[in-house]
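Asks: sequence first, predicted coordinates after that:
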Number of protein chains: 2
Amino acid sequence: MLRRAPFPRPSAAAVDKARRLLERALGPSKVITSPDGCEAYAGDESDQEPVIPDAVVVAETPDDILRALAAASEAEVPIVPRGAGSGKSGGAVPVGGGIVVTTLGMRSIKEIDREELVAVVEPGVILGDFHAAVEAEGLFYPPDPNSLKMCALGGNLAENAGGPRAFKYGVTREYVLGLEALLVDGTRLRTGRRTVKGVTGYDVTSLLVGSEGTLAVFTEATLQLIPKPPSVATLLGLFDTALASGRAVSAIIAAGLVPRCLELLDAGALSAVRARGVPVDERAGALLLIEVDGDPASCEAAMERIGEACVVEGALDVLVAQDAAQRERLWEARRALSPATRAMARYKISEDVVVPRTRLPDLLREIDRISEETSIRMLSYGHAGDGNLHVNFLWDDPDAGPRVERGLDRLFRAVVGMRGTLTGEHGVGTSKAEYLPLEQGPELIELQRRLKAVFDPKHLLNPHKIFPRRGHGVC
Amino acid sequence: MLRRAPFPRPSAAAVDKARRLLERALGPSKVITSPDGCEAYAGDESDQEPVIPDAVVVAETPDDILRALAAASEAEVPIVPRGAGSGKSGGAVPVGGGIVVTTLGMRSIKEIDREELVAVVEPGVILGDFHAAVEAEGLFYPPDPNSLKMCALGGNLAENAGGPRAFKYGVTREYVLGLEALLVDGTRLRTGRRTVKGVTGYDVTSLLVGSEGTLAVFTEATLQLIPKPPSVATLLGLFDTALASGRAVSAIIAAGLVPRCLELLDAGALSAVRARGVPVDERAGALLLIEVDGDPASCEAAMERIGEACVVEGALDVLVAQDAAQRERLWEARRALSPATRAMARYKISEDVVVPRTRLPDLLREIDRISEETSIRMLSYGHAGDGNLHVNFLWDDPDAGPRVERGLDRLFRAVVGMRGTLTGEHGVGTSKAEYLPLEQGPELIELQRRLKAVFDPKHLLNPHKIFPRRGHGVC
């Protein structure tokens, strides 16, 4: 956990007022005010220190959210929307206190239209449940962040979540056709459309997706589905070094192949996997997990060409999953990586940087240098096809904070220097707010602040996220 | 041409000032002020009556645009960005007079990065030239509006252009990674990224794409490319009625097939094609033009299944293009439809509505009823896979305007009633501005007006587009 200066909290009088208004508007069953009860809504899966909110609203309907927003506006306290709390950038942490409104109780899949390939959902639907429901209809919803068994669609939309399959299928935004959302002043907004195509007006839907809960609270989403690919094949390539695996990634893409996933695990990540009891060839210093989908014949042809590309680039071994159970085991190991990494040290920060994919070998070398220079253990894994790497810093010494900070700073500068981006799918939140000026010019940041003010002139909705504190940004 | 009340124009003094400022800043070679010279920049391909601008700036560099914006701001006259003028909703028509700034001279393809699958272009690049350049590198840029031989990428971005291949590949927005743009106050904005993935900050890029030249002037775009599909196959299905062809479309989609194009021509459109000398079986009252791409084996398998689906739904005939020349002839007929239709009557309006695709048969029936009720000849064609139909009204009688207006009104209400959208790819412009309230709620419209004000507080950049005049919107 890194230390960040705390943000100001509302006055005791404002908190009292907010609690009174909430209890009057919503009744005691949907409002939590005890510190013990509120503590469960204090943190997320990021490096942001948890902050206990002053009140929690457990929303069951859009009207509950509306009432919570009205109380926040009247008492002038912050209000922070929250899904499952699985975010990785502090987006759901109420750093300025105030009210947390959780939409996790709004779990209805209102509609799955097989013919139109459209679904309508509430924000609290768990992604894994949604996958199961649409696949039972022969359909497919591609976004698949590794937290899929617990994360909520509302949070996925707020953060514009990605996942391994983004390489072929793109990220959450590409599947959001329309939204129902509430602005902090109580305005009910319906954006977008139900049809696949449509260019009526500005793309407010895309502006809201990925806005990290700072512009509006989602109450419903209309999502585009696609036909479920008839067949999937999974291949595992073992390499002696991450650099060799990076060359294989480049070769696969240069050959015009489009696997749906192209996942990389470096030597440190393999150790973590082995520590969880998954046997991986001890010679291997890197692993590629590659998946293709489509009709069976083209899957087979693609697997053959991918296997060849791996061998040409020096793979130690190439394994093809023979059945769904084997496939599932490979993915379990991959999905266990985040918790497995957490178990390896007392402190962990997981970064989420992206570089143009041909720069992946350069990034891997830079990570080695940062680890050496700061004496902080590092391991990396992620979506190599997209150039999107989760770079983990692991340490036990509580005094190592400044070294970690130095390493982070160097990592971010290297990434931006390679024309990359600070976050591929986790969002800026509080974790990277101070670094925003490294990537974006002051004109763009100022413009975004003004867009925020259109939606939320009093800065009550999830404040202190995305933008650096005035005068605090890294340059 | 429908009559619309003219918009106010700037005063003679303001126009004089603007012209003086432009000539001083840019020199006479880049500034046109004669009505004869300006006339070429008065109209587009929509039903919007042309309006001769007060001055035209022929920009060769971003600085030229900057100077034009400065002159417009100082003289307080409107400024309208323009690409090739092939737009279909009045987006480039300077309805409030003032300055037109054409970026058609900025035609550099600055970069095509084969390994990263990224291109960097100026706004004046002609789409067809860009297609040829990227395909020469083994790459592919899917958006393909039918005007591709003449339209400019800047205009494509401003309108979020689609085209037949959008069924599989999506529209322009999905290929725009980042933008350089100028705000009307001279701010240079750089949005987005160069990497495939990235969620840093709000998605200002998506907000600008499709904003119809009302928020900023593009000076550069970073576009995502994909590998060129190794093979393409084209099939033509002839049906006795459009309804039968609509059933075939539903059957193809229900079978989980994803052709890259699924184009429909109704009986009237076939007459237009025949009138251009393209022989089409006289029995046919509708035609589907279907294209698949991918590896040769899966193309062949898909074509077989699509052909079967057509036959099951009662196709009179199914033809497969045997070579690239045959394929090109089929597409030429399709692309000639817009001009062919124009030649069929003195007046033409081409609409661009979208309905959920299963409602296509209902829409086709409604179009017949509208044609009957208004005694206006109508023909339709378009992207059936997306439910996106170009509905054409054709008439010779100059006094038929009110009947056409009635037909349009009925069409739009029917479309919105089917949960469709007013425009799939042409934009709102002036053509549909009055109808915006049919589809969007007052809260969303008001929010968009406020977003516009963030970018352009004085309403100088392409005014009178998208939004209805105060008090004029259809309800």
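Replies: Okay, I see it.
Asks: domain map for chain A?
Replies: The record's domain split for chain A, according to automatic domain parsing, is A:12-102, A:109-227, A:231-338, A:344-431.
Asks: do you know which of these lies nearest B:Lys168?
Replies: With Cβ to Cβ as the criterion, B:Lys168 lies closest to domain A:109-227 of the domains of chain A, at 10.1 Å. (Each C-beta comes from the backbone N, C-alpha and C, glycine too.)
Asks: just the terminal-to-terminal distance for the closest one.
Replies: Domain A:109-227 stretches 18 Å from its first residue to its last (Cα to Cα, to the nearest Å).
Asks: for A:Pro143, phi and psi?
Replies: Taking degrees, to the nearest 10, you get phi -50, psi 130 for the backbone angles of A:Pro143.
Asks: and for A:Asp185?
Replies: Torsion angles, degrees, to the nearest 10, at A:Asp185: phi -80, psi 10.
Asks: correct me, but it touches A:Ser73?
Replies: Yes: contact status for A:Asp185 versus A:Ser73: in contact at 6.5 Å, counting by Cβ atoms under 8 Å.
Asks: which strand or helix spans the spatially most central residue of chain A?
Replies: Per Cα atoms, centre = their mean, the C-alpha nearest to the average position across chain A is that of A:His426, at 3.4 Å. Using DSSP states H and E, A:His426 falls within no helix or strand.
Asks: tell me which element the spatially closest residue to A:Pro62 that is not a sequence neighbour falls in.
Replies: Spatial nearest neighbour of A:Pro62, excluding adjacent residues (Cβ to Cβ, 6 or more residues apart in numbering or on different chains): A:Thr219 at 4.1 Å. For A:Thr219, the element it lies in under DSSP H and E is strand A:217-224.
Asks: in its sheet, what does the helix or strand that A:Leu238 is a member of sit against?
Replies: Element membership for A:Leu238 (DSSP H and E) is strand A:231-239. Take DSSP bridges as the rule and strand A:231-239 pairs in its sheet with strand A:286-294 (antiparallel), strand A:317-320 (antiparallel).
Asks: of those, which stretch is the most buried?
Replies: strand A:286-294 (a mean of 26; mean count of other Cβ atoms under 10 Å in any protein chain shown).
Asks: before we move on, the earlier item: between A:Asp185 and A:Ser73, point out the one with more neighbours.
Replies: A:Ser73 (19 against 14; other Cβ atoms under 10 Å in any protein chain shown).
Asks: quick one, what contacts that one?
Replies: Applying Cβ atoms under 8 Å, 6 or more residues apart in numbering or on different chains to A:Ser73 gives the contacts A:184-186, A:458, A:460.
Asks: ok, now how distant is it from chain B?
Replies: A:Ser73 sits 16 Å away from chain B, going by Cβ to the nearest Cβ, to the nearest Å.
Asks: tell me which element that residue falls in.
Replies: helix A:62-75.
Asks: which of the residues in that helix are buried?
Replies: Within helix A:62-75, the residues that count as buried by 16 or more other Cβ atoms under 10 Å in any protein chain shown are A:62, A:64-73, A:75.
Asks: alpha carbons only: can I get that helix in PDB?
Replies: Provided in PDB are the C-alpha atoms of helix A:62-75 (Å, rounded to 0.1, in the frame of the first residue of the first chain):
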ATOM      1  CA  PRO A  62     -33.300   3.300  -9.900                       C
ATOM      2  CA  ASP A  63     -35.500   5.300  -7.600                       C
ATOM      3  CA  ASP A  64     -33.300   4.200  -4.600                       C
ATOM      4  CA  ILE A  65     -30.400   5.600  -6.500                       C
ATOM      5  CA  LEU A  66     -32.300   8.800  -7.300                       C
ATOM      6  CA  ARG A  67     -33.100   9.300  -3.600                       C
ATOM      7  CA  ALA A  68     -29.500   8.700  -2.700                       C
ATOM      8  CA  LEU A  69     -28.400  11.300  -5.200                       C
ATOM      9  CA  ALA A  70     -30.900  13.800  -3.900                       C
ATOM     10  CA  ALA A  71     -29.600  13.400  -0.400                       C
ATOM     11  CA  ALA A  72     -26.000  13.800  -1.500                       C
ATOM     12  CA  SER A  73     -27.000  16.900  -3.400                       C
ATOM     13  CA  GLU A  74     -28.900  18.500  -0.600                       C
ATOM     14  CA  ALA A  75     -26.300  17.700   2.000                       C
END
